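1. Curious how this folds, go ahead:
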Amino acid sequence: MVTAHVSQMAGLSRPLDMNPIDPLGMNPMDANHTNGAGHTHPLDIAVAGGTGTLGRHVVEELRARGHNVRVLSRSSAQYPVDLSTGQGLEAALAGCDVVVDAANSVSPRTMRATLVDGTKRLVAAERAAGVGHHVCVSIVGCDRVPMPYYKVKVAQEEAVAAGPVPWTIVRATQFHELVAGVFTATARARFLPASKNVIMQPMAAVEAARAVADAAEAAPRHDRIEAAGPERTDLRTLAATWRTATARRAALLPAPVPGRMGRALRAGHLASARPDAQGVTAFAEWLRERAATAGYGA
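-> As a prediction, this is how the structure comes out:
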């Protein structure tokens, strides 16, 4: 059971020590700025998965920078789309300059249909609509950690790179929101998965969103960039930090992960040695901020 929760934490990500407001060293575009793609006007940007953990922050960040943002999701009132069928894409993408794909599916039954086949449908619709830049959100280490979900993310990246639309892939490390969510769930059973051998570098989703927004404003790179948190740490330290911050009673249980996946986690493949964008909010600080604003983890 403990090992299963470690696997969950590794596999459910929702992607240089720069200024936190400008993590890729690109100037956020407003009415007085020209971004890396040469635009001097607001962009029309569609965000697939724009209501999710990361997507909603991407939407907020892009709108704050003055762009016209369309939120694409199955439940969207204005731009309902279904990536598994392609329904709604033609209307949703008409006139768009950039598409950010932050959509996600972790169900074994639907992940490939959404992330791989859905990506192929999405970029085909983008080509037909004249979209000039596709930004795909992915996960640091997805090509080095042998998990079924990660294999699907790699296939998604390959579909983007082989597609007809200029692209950038933003790989992020696990989000603080995910780490805290796993601890909250396991604490109900009075334990926290805690292994010194699982190396992580989590970041706040809002800081990852800034990196994604920077990529959307810039010219397509036809390459992958990485965004990571400010500190490289281990799962036991994160668990102890969460327990202290929330005052929850839960035992710290070692969570050994066997085989190739265990070796990949111990090797630090969920962390980024040289991130292109680096957040500044550590897990402990993020927990304090959440507790102050919403009583998170209580």
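
2. Would you map the helices across the stretch 101-250 of the chain?
-> Assigned by DSSP state H, counting those that start in this stretch, the helices in the stretch 101-250 of the chain fall at 111-112, 118-129, 148-162, 176-187, 205-217, 235-246.

3. Could you single out the most deeply buried of those?
-> Highest mean neighbour count among the helices of the stretch 101-250 of the chain (mean count of other Cβ atoms under 10 Å): helix 205-217, with a mean of 28. Quick note: C-beta positions are derived from backbone N, CA and C, even for glycine.

4. Restrict that helix to CA atoms and write it as CSV.
-> C-alpha atoms of helix 205-217 as CSV (Å, rounded to 0.1, in the frame of the first residue of the first chain):
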residue,chain,number,x,y,z
ALA,A,205,1.7,25.0,-9.7
VAL,A,206,1.4,28.8,-10.0
GLU,A,207,5.2,29.0,-10.6
ALA,A,208,5.0,26.3,-13.2
ALA,A,209,2.2,28.2,-14.9
ARG,A,210,4.6,31.2,-15.2
ALA,A,211,7.1,29.1,-17.1
VAL,A,212,4.3,27.8,-19.4
ALA,A,213,3.0,31.3,-20.0
ASP,A,214,6.6,32.4,-20.9
ALA,A,215,6.9,29.6,-23.4
ALA,A,216,3.5,30.5,-24.9
GLU,A,217,4.6,34.1,-25.4
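
5. if we can go back for a sec, the helices of the stretch 101-250 of the chain: which one's closest to Ala77?
-> helix 118-129 (20.0 Å; Cβ to Cβ).

6. Tell me what angle that closest one forms with helix 148-162.
-> Angle between the axes of helix 118-129 and helix 148-162 is 20 degrees (criterion: axes from the mean of the first three to the mean of the last three Cα atoms, to 10 degrees).

7. Would you mind putting the CA coordinates of helix 118-129 into PDB?
-> C-alpha atoms of helix 118-129 as PDB (Å, rounded to 0.1, in the frame of the first residue of the first chain):
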ATOM      1  CA  GLY A 118      -6.200  13.500 -28.300                       C
ATOM      2  CA  THR A 119      -2.900  15.300 -29.000                       C
ATOM      3  CA  LYS A 120      -2.900  14.100 -32.600                       C
ATOM      4  CA  ARG A 121      -6.400  15.400 -33.000                       C
ATOM      5  CA  LEU A 122      -5.500  18.700 -31.400                       C
ATOM      6  CA  VAL A 123      -2.500  19.500 -33.500                       C
ATOM      7  CA  ALA A 124      -4.400  18.500 -36.700                       C
ATOM      8  CA  ALA A 125      -7.100  20.900 -35.700                       C
ATOM      9  CA  GLU A 126      -4.500  23.500 -34.900                       C
ATOM     10  CA  ARG A 127      -2.900  23.100 -38.400                       C
ATOM     11  CA  ALA A 128      -6.300  23.500 -40.000                       C
ATOM     12  CA  ALA A 129      -7.000  26.700 -37.900                       C
END
